[in-house]
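J.: with the input below, show me the fold.
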Amino acid sequence: MDRLFRLKENNTTVRTEIAAGITTFMTMAYILAVNPNILHDAGMDANAVLLATALASVIGCFLMGFRANLPFALSAGMGLNAYLAYTVVGGMGISWHVALLAVFCEGLIFILLSLTNVREAIFNAIPLPLKRGVSVGIGLFIAFIGLQNAGLAVDSSTLVTITNFTEDFHTHGICALLAVIGLFITAILYIRNVKGSILLGILATWVLGIACQVCGLYVPDPASGFFSVVPTAFISFDFSDLGKTFGACFHTSFHDVGIFNFIAVIFAFLFVDMFDTIGTLIGVSSKAGMLDEEGRLPAIRPALLSDAVATSLGAVLGTSTTTTFVESSAGVAVGGRTGLTAITTGVLFLLSTLFSPLFTTIPSFATAPALIMVGFLMFEGIKELTFGPGEMTDSVPAYLCIIAMPLFYSISEGISIGCISYVVINLLCGKREKITPLMYILAALFVCKYIFL
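T.: Below is the predicted model:
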């Protein structure tokens, strides 16, 4: 194990890595329930999507673990699945078969870009202060996701507000309350230096949810999206449904699509996936202390290549774009530093194909406290930003990047605004020597994205 994953060199142990991998899986296992529901709206079979999502995650995690030796887990990306279902299929009228083919082609393009160092050059071209801002922004972003998953942050006339605990107490209210209790449990365990505190917080919150259902405080209401948290089935050996999506991207027709629409879809996937992945790698690597003195990630090329290969193979299996998950930071917070963390997560995704009824029973209010706590841990990176008069051309773009991610609900939008503002502010403030040629190109591309995509 030490020779394969260089555990001593990274100051970690097998036990720590396995605990980190389990924690990462627990915080992102919701994708096994959410992704089939979203892609089902595009006309895809839900069980087939679940199996495809799990297997694509296995491929991505194993590639990341063995090739890059990094503690990052991959699965079907949130946002990209919604884009496929509601924009490409629902809005543009393109079949899900063609949409998966676009995802497959996007992955092939990413493979070429990774082999030619283009994605690596983009990663290295982003200034260090902006990378630090990305890390903090991702922290706020995943904390906001946690608040939403807990049912604490809800829609209102002010766009977002805190939930009413007393309204629908036996569904909305009790779930939000359990998430608050789980957050306190997780925070107290972490502050008291209890090993695996984030994982224990998830399990404790889930157990409390089961107790509430048993005593009648929590009443499942499937019609409103509140399902039983008590496992009723534990295992399933039926894999036949995978045939409904496997290879479907190659059995399609372009008669009703048009080549230009198809290319536009590919580049939309390409743009979002590229900068979501780069942003996640920057943020989680920064949190783990894996960036060198110049803000570079030494294993960036195999990491990006793993992401690209998993995307294409995931499309063949029958799921939307496979990407590196920000929830990997949960495992990093527990101490994960090597590919053994990713391998552990991949093994659990593989097991989930057998135990999917059990894993998908974990409620979102149980994983929400972990996301909120990890957001706090990543937010501490803000202390590395300097706000003096001489550094404001760095700190203002970083600040804009930070606030854009949660408010626009997108890592890639945060990077877009950060890059554009960095170039404009430094250029007009007479500090053009700080701008690399590639940053000019990135800023121009981001501007074009807002105009044409």
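J.: quick one: mean pLDDT for the lengthiest helix in the chain?
T.: The residue-count maximum for a helix in the chain (DSSP state H) belongs to helix 259-288. For helix 259-288, mean pLDDT is 78.
J.: next secondary structure after it?
T.: Next helix or strand after helix 259-288 toward the C-terminus (DSSP states H and E): helix 300-317.
J.: what's the next helix-or-strand element following that next one packed up against?
T.: Next along the chain after helix 300-317, taking DSSP H and E as the criterion, comes strand 322-324. Applying 3 or more CB pairs under 8 Å, 6 or more residues apart in numbering; DSSP states H and E, we find strand 322-324 packed against helix 46-63, strand 74-76, helix 259-288, helix 300-317. Where C-beta positions appear, they are placed from N, C-alpha and C, glycine not excepted.
J.: so what are the sheet partners of strand 322-324 and their directions?
T.: strand 74-76 (antiparallel) (DSSP bridges).
J.: residues in contact with the strand it pairs with: which ones?
T.: Strand 74-76 is contacted from outside by 28, 31, 35, 53, 56-57, 60-61, 63-64, 306-307, 310, 314, 319-325, 349, using CB atoms under 8 Å, 6 or more residues apart in numbering.
J.: which residues touch the residue most central in space within the chain?
T.: In the chain, the residue lying closest to the centroid (CA atoms, centre = their mean) is residue 325, at 3.0 Å. Remark: with contacts taken as CB under 8 Å, 6+ apart, residue 325 is in contact with 24, 28, 31, 72, 73, 74, 75, 77, 280.
J.: from what I can see the last one touches residue 323, true?
T.: Same thing as residue 280. Yes. In this structure residue 280 lies within contact range of residue 323 using CB atoms under 8 Å: 7.4 Å.
J.: quick one: buried residues of stretch 39-55?
T.: Within stretch 39-55, the residues that count as buried by 16 or more other CB atoms under 10 Å are 39-42, 44-45, 47-55.
J.: quick check: the residue nearest to the centre of the chain vs residue 28, distance?
T.: From residue 325 across to residue 28, the span is 5 Å (CB to CB, to the nearest Å).
J.: which residues are in contact with each of the two?
T.: Common neighbours of residue 325 and residue 28 (CB under 8 Å, 6+ apart) are 73, 75.
J.: same question for the helix or strand encompassing residue 448, mean pLDDT?
T.: Here residue 448, judged by DSSP H and E, is contained in helix 437-452. Averaged over helix 437-452, pLDDT sits at 89.
J.: packing partners of that helix?
T.: Packing contacts for helix 437-452, counted by 3+ CB pairs under 8 Å, 6+ apart, involve helix 118-125, helix 411-428.
J.: can you give me the angle the following helix or strand past the shortest one makes with helix 118-125?
T.: Yep, that's helix 118-125 we're talking about. The helix or strand immediately downstream of helix 118-125 is helix 128-150, counting by DSSP H and E. Here helix 128-150 runs at an angle of 100 degrees relative to helix 118-125 (axes from the mean of the first three to the mean of the last three CA atoms, to 10 degrees).
J.: quick one: list the elements packing against helix 128-150.
T.: Helix 128-150 sits against helix 174-191, helix 259-288, helix 328-334, helix 364-379, helix 392-408, helix 411-428, with contacts defined as 3+ CB pairs under 8 Å, 6+ apart.
J.: run the chain-centre distance for the lowest-mean-pLDDT helix or strand in the chain.
T.: Least confident element among the helices and strands of the chain, by mean pLDDT, DSSP states H and E: helix 356-359 (a mean of 74). Centroid displacement of helix 356-359 relative to its chain, using CA atoms, centre = their mean, to the nearest Å, is 21 Å.
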